[in-house]
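S.K.: Pasting the sequence and the predicted model now:
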Amino acid sequence: MLQMIVFGIICGLLLGFVLQRGRFCVVGAYRDLILAKDGRMFLATFVVIAIQSIGVYALNDTGVIQFGNDGFPWLGTIVGGFIFGIGMVLAGGCATGTWYRAGEGMIGSWVALFGYMLGAAMTKYGVWKVAGDNLLSYRTNDTYIHKTLNVSPWVLVIIVTLLVGILVIRELRKPKLPIFKMKPKKTGLAHILFEKRWHPFVTALLVGIIAIVSWPLSAMTGRMFGLGITAPSANILTFLITGDNALIDWGTFLVLGIFLGAFIAAKGSGEFRWRLPDMKTLRNNAIGGVTMGFGASVAGDAQSEMVW
Amino acid sequence: MAKVLETTGMVCPFPLVEAKEAIVDMAKGEELIINFDCTQATESIPRWAATEGHEITEFEQIDDAKWRIIVKKGK
């Protein structure tokens, strides 16, 4: 129990801190790519995927962790992923993003977070369970693409890593824009941790490492999974209502840690303040949260791990 | 004569979207003062200005999660 609390919280704290300081946001990544033709954040999400796949497959090969072997719920992933995407835009952030923005004092994210917990809990345990289970019942025989192709997983991991690596190098070689920086008010470590702008690739590297470490830390407590956000979010709400202790696991402390880590990061850098958006945004946040909760639950945590 | 754009309370990406709109019918060399409180805009506004060739004459954090940036229209 103690191990579960300590490791879960630590992993979450680090992740929340890094996400807040790195301004990491998947919605923002797509937006920058399309509206501003700036693909750095988008590429950064792929850096996370590449790093994580190397680490996690290595852990799987060495037997530290074991992957599940259920068929891939293709219909749920496609439908859920699409619905999740719509919800994510309305909610103003993905699942993890909503948790960390709540820690920055964004009231809209609190509203979205509640909607997200509710939507996920309804799909996992409540009135939407029928629809969710139905979508999830369509599964392929293989869980992993490499099995379908009949190659070692490392072939795919290496292809993805090389592709991402080439794009990263190309991006870093571009001439630097003379971007105006605020005068630093802090020095040394405080400047780096609580003031400096982090390069998206540095943030991505850190997120990838935390994602890898989360697997063995979570496995130690009997939960064979990495950074899943949806199930713990649904479980917190359900636990509060039913009082069922079985719903509390490593993931619960992970998400609470993300919230706390983001709060510490925001507070330390003078970026915490309660902020209330206008009515229209609040309404969208509420609708988006519930929608995202349903989408994430039927897409399975594997999907949300990819897109958060 | 500087134009003031109040975007406090707006979530991202709206401070940037509003700024883009506001600067369109301004003359070259005119200044746009943008007040905002969405953290991500601390990244996106300076980056946009650099890409579009606008000059930033001032950028300051005025309070907890409150910033003011002055963009001078470049072209």
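M.R.: Yes, it's here.
S.K.: Return the residues in contact with A:D249.
M.R.: A:4, A:221-223, A:232, A:235 (CB atoms under 8 Å, 6 or more residues apart in numbering or on different chains). (C-beta placed from N, C-alpha, C; glycine too.)
S.K.: roughly how far apart are it and A:T140?
M.R.: 28 Å (CB to CB, to the nearest Å).
S.K.: cool, B:P13 as well?
M.R.: From B:P13 over to A:T140 (counting by CB to CB), the distance is 37 Å.
S.K.: Of these two, which one has the most company?
M.R.: B:P13 (20 against 15; other CB atoms under 10 Å in any protein chain shown).
S.K.: tell me which parts of the stretch 51-200 of chain A are close to chain B?
M.R.: With CB under 8 Å from any CB of the partner chain as the criterion, the stretch 51-200 of chain A comes near chain B at residues A:92, A:104-106, A:108, A:177-182, A:197.
S.K.: Can you list which of those residues are found in helices?
M.R.: A:G108 (DSSP state H).
S.K.: Just the buried subset of the contacts of A:D249, please.
M.R.: A:4, A:221, A:223, A:232, A:235 (16 or more other CB atoms under 10 Å in any protein chain shown).
S.K.: The first one contacts A:W250, doesn't it?
M.R.: Yes: A:M4 is in contact with A:W250 according to CB atoms under 8 Å; the separation is 5.1 Å.
S.K.: Mutual contacts of those two, please.
M.R.: Joint contacts of A:M4 and A:W250 (CB under 8 Å, 6+ apart) are A:T221.
S.K.: what sits against A:G71?
M.R.: Here A:G71 is in contact with A:139-143 (criterion: CB under 8 Å, 6+ apart).
S.K.: Go through the residues you listed and name the one nearest A:G8.
M.R.: A:T143 (25.7 Å; CB to CB).
S.K.: Neighbours of the closest residue to the closest one other than its chain neighbours, how many?
M.R.: In this structure, A:T143 finds its nearest non-sequential neighbour in A:F72, 5.3 Å apart by CB to CB, 6 or more residues apart in numbering or on different chains. Per other CB under 10 Å, the neighbour tally for A:F72 reads 19.
S.K.: Dihedrals phi and psi, A:F72?
M.R.: Phi and psi for A:F72, reported as degrees, to the nearest 10, are phi -80, psi 120.
S.K.: what's near enough to touch it?
M.R.: With CB under 8 Å, 6+ apart, A:F72 has these contacts: A:139-140, A:142-144.
S.K.: Strands - which of those residues land there?
M.R.: Counted as lying in strands by DSSP state E, out of these, is not a single one.
S.K.: Can you flag the buried ones in those residues?
M.R.: A:T143.
S.K.: for B:E58, helix, strand, or coil?
M.R.: strand (DSSP: H, G, I helix; E, B strand; the rest coil).
S.K.: which residues does the residue lying closest to it once chain neighbours are set aside form a beta bridge with?
M.R.: Spatial nearest neighbour of B:E58, excluding adjacent residues (CB to CB, 6+ apart): B:I70 at 4.2 Å. Counting by DSSP bridges, B:I70 is bridged to B:I33, B:E58.
S.K.: Show me which of the contacts of A:D249 is closest to chain B.
M.R.: A:P232 (24.7 Å; CB to the nearest CB).
S.K.: Surely the closest one and A:G251 touch.
M.R.: Yes: look at A:P232 against A:G251 with CB under 8 Å: they come within range, at 3.4 Å.
S.K.: got the contact list for A:L135?
M.R.: Counted by CB under 8 Å, 6+ apart, A:L135 has contacts A:73, A:75-76, A:79-80, A:298.
S.K.: Report the mean confidence score over the helix or strand where it lies.
M.R.: A:L135 is part of helix A:129-136, with elements assigned from DSSP states H and E. In this model, helix A:129-136 has a mean pLDDT of 91.
S.K.: got the buried residues for it?
M.R.: The neighbour-count check on helix A:129-136 (16+ other CB under 10 Å) flags A:132, A:135-136 as buried.
S.K.: Spatially nearest residue to the spatially most central residue of chain B, not counting backbone neighbours?
M.R.: Using CA atoms, centre = their mean, the residue of chain B that lies closest to the mean C-alpha position is B:I34, 4.2 Å off. Leaving aside its sequence neighbours, B:I34 sits nearest to B:L5 (CB to CB, 6+ apart; 4.7 Å).
S.K.: which residues does the one you found contact?
M.R.: Neighbouring residues of B:L5 by CB under 8 Å, 6+ apart: B:18-19, B:22, B:32-35.
S.K.: so A:L282 sits right up against A:W110, yeah?
M.R.: No: counting by CB under 8 Å, A:L282 does not reach A:W110; the two are 9.9 Å apart.
S.K.: quick one on the thing from earlier: show me how far the helix holding A:L135 is from its chain's centre.
M.R.: Relative to the centre of its chain, helix A:129-136 is centred 23 Å away, using CA atoms, centre = their mean, to the nearest Å.
S.K.: what comes up buried for the helix or strand following that helix?
M.R.: The helix or strand immediately downstream of helix A:129-136 is helix A:145-149, counting by DSSP H and E. Buried residues in helix A:145-149, defined by neighbour count with 16+ other CB under 10 Å: A:H146.
S.K.: Would you mind identifying the next helix or strand past helix A:145-149?
M.R.: Using DSSP H and E, the first helix or strand after helix A:145-149 is helix A:153-173.
S.K.: can you list contacts of that following helix?
M.R.: For helix A:153-173, the external contacting residues (CB under 8 Å, 6+ apart) are A:39-40, A:43, A:46-47, A:49-50, A:53-54, A:57, A:144-146, A:149, A:201.
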